[in-house]
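# Requesting a structural model of the entry that follows:
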Amino acid sequence: MRKAGRTGGAGRAWLMAGGVFGLCLGFLLLLVVGTYSAAAGLLGGAGSGKNGTVSLAKGAVPALYQGLVQRWGNLCPAINPALLAAQLYQESGWNPRAVSPANARGIAQFIPGTWASHGIDGDGDGDRDIWDPQDAIPSAASYDCALAGYVKKVPGDPANNMLAAYNAGAYRVIQYRGVPPYRETQNYVRIIRSLEKSFARPTGRVSPSKQAAGAIYYAQQKLGTPYLWGGTGTAEQGGRFDCSGLSQAAYASVGIHLPRVANDQYNAGPHPGRDELLPGDLVFFSDDLTNSRAIRHVGIYVGGGYMINAPRTGAVIRFDRIDTPDYFGATRVTADGAAALPTRPAQP
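Numbers count the residues shown, from 1 in each chain. I've put the predicted structure just below:
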């Protein structure tokens, strides 16, 4: 439940999850076998359509901004909609009123001095408004492309060089002939490129998760535990969980640290389709199927259309079906994806 607030490679892994849980009509036995096939030739890339244009994952960008991001994310070859979305999410969590300690403002987190030089009138209303996403999102794309132009002769990946210029300045990228050896800059590039994968719609099979079996094993041990809103499984809470607390703890048990809230957990990796789900995928639910920031619930998929679920107050952790009208989508958690997520809850 959302709180107020935020490889490919040859091989096979077999996962078996079985459990018995009580229902009013008796006991339901669930035996799930999930088979992972990660043959390198079957795994495709993420995001590019037939014409090379990157498409956004379902609901990853709030509907209010999706058209802007898709349009302006194709402004120049160094950026794409998923990369622009990752940048905006990292900067503000889609909050158009965000203000940083350094006085960066708005959804794109422009410093007023940079805005004065690079802000554009994206909606053509005669005004350049740093707080208006209709101006700020086009300005972010325009600024990225300007930076890409400054460093276009630098060897290496153009998008990486552009992001490095955004963080450290174009002069440093030119000086070092690529991403400068600054930890902050290298982390910034890594984070945005990792998040980019969670905002792009996959165009082929998504690599199986190496840690899924361990996460499910952990969650299975909690079947029958009473639900606790805000629960993260601490001793003080009697080892009880809510939905996102359970998914967070399950992946923490295998060394992957997810954010606390469900709507940010959605950005912890790429998004397989319903017919591509594998055990260990996180499955999400929302009353607004166009906006991942509105996600309010998460479960851990175990196969056969079922998930391990911490549903609500008064219930216990149990198996439930995932096919309901509020099913939003799924995320295949990756270590890189989780590590790229902001540590501070982002406001919708």
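
# And the average pLDDT for stretch 254-262 is what?
Mean per-residue pLDDT for stretch 254-262: 95.

# Now do the helices in the protein.
63-72, 81-92, 112-118, 133-150, 158-168, 170-176, 183-199, 212-220, 243-252, 262-265, 335-340 (DSSP state H).

# The third one - contacts with which helices or strands?
In terms of contacts (3 or more CB pairs under 8 Å, 6 or more residues apart in numbering; DSSP states H and E), helix 112-118 is packed against helix 133-150. Backbone N, C-alpha and C define where each C-beta goes, glycine included.

# quick one on the thing from earlier: out of the helices of the chain, which gets nearest to residue 104?
Nearest of the helices of the chain to residue 104, taken as CB to CB: helix 81-92 at 7.6 Å.

# got the angle between that closest one and helix 63-72?
130 degrees (axes from the mean of the first three to the mean of the last three CA atoms, to 10 degrees).

# can you dump the C-alpha coordinates of helix 81-92 into CSV?
Extracted in CSV, the C-alpha atoms of helix 81-92 (Å, rounded to 0.1, in the frame of the first residue of the first chain):
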residue,chain,number,x,y,z
PRO,A,81,11.6,10.1,-24.2
ALA,A,82,12.6,7.5,-21.6
LEU,A,83,15.9,9.3,-20.9
LEU,A,84,14.1,12.6,-20.5
ALA,A,85,11.5,11.0,-18.3
ALA,A,86,14.3,9.5,-16.1
GLN,A,87,15.9,12.8,-15.7
LEU,A,88,12.7,14.6,-14.7
TYR,A,89,11.8,11.8,-12.3
GLN,A,90,15.2,11.9,-10.7
GLU,A,91,15.2,15.7,-10.4
SER,A,92,11.7,16.2,-9.0
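
# sorry, back to before: want to try JSON lines for the helices of the chain, with mean neighbour count and distance to residue 325 as columns?
Listed next are those as JSON lines, based on neighbours: other CB atoms under 10 Å; distance: least, CB to CB, whole Å:
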{"stretch": "helix 63-72", "mean neighbour count": "18", "distance to residue 325": "18"}
{"stretch": "helix 81-92", "mean neighbour count": "25", "distance to residue 325": "26"}
{"stretch": "helix 112-118", "mean neighbour count": "13", "distance to residue 325": "43"}
{"stretch": "helix 133-150", "mean neighbour count": "22", "distance to residue 325": "30"}
{"stretch": "helix 158-168", "mean neighbour count": "23", "distance to residue 325": "38"}
{"stretch": "helix 170-176", "mean neighbour count": "17", "distance to residue 325": "49"}
{"stretch": "helix 183-199", "mean neighbour count": "20", "distance to residue 325": "24"}
{"stretch": "helix 212-220", "mean neighbour count": "22", "distance to residue 325": "24"}
{"stretch": "helix 243-252", "mean neighbour count": "26", "distance to residue 325": "18"}
{"stretch": "helix 262-265", "mean neighbour count": "28", "distance to residue 325": "18"}
{"stretch": "helix 335-340", "mean neighbour count": "20", "distance to residue 325": "27"}
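
# of those helices, which approaches residue 124 most closely?
The closest of these to residue 124 is helix 133-150. By CB to CB, the value is 9.2 Å.

# quick one: contacts of that closest one?
With contacts defined as CB atoms under 8 Å, 6 or more residues apart in numbering, helix 133-150 is touched by 64-65, 68-69, 72-73, 75-79, 84, 87-88, 96, 106-108, 110, 114-115, 118-123, 125, 127-130, 158-159, 161-162, 165-166, 170, 174.

# one step back: of all the helices of the chain, which one is nearest residue 314?
Closest among the helices of the chain, using CB to CB: helix 243-252, at 14.1 Å.

# Just the residues contacting that closest one, thanks.
So helix 243-252 is contacted by 1-3, 211, 215-216, 218-219, 222, 228, 230-233, 241, 257-262, 265, 282, 297-300, 308-311, 317, 333, 338 (CB under 8 Å, 6+ apart).
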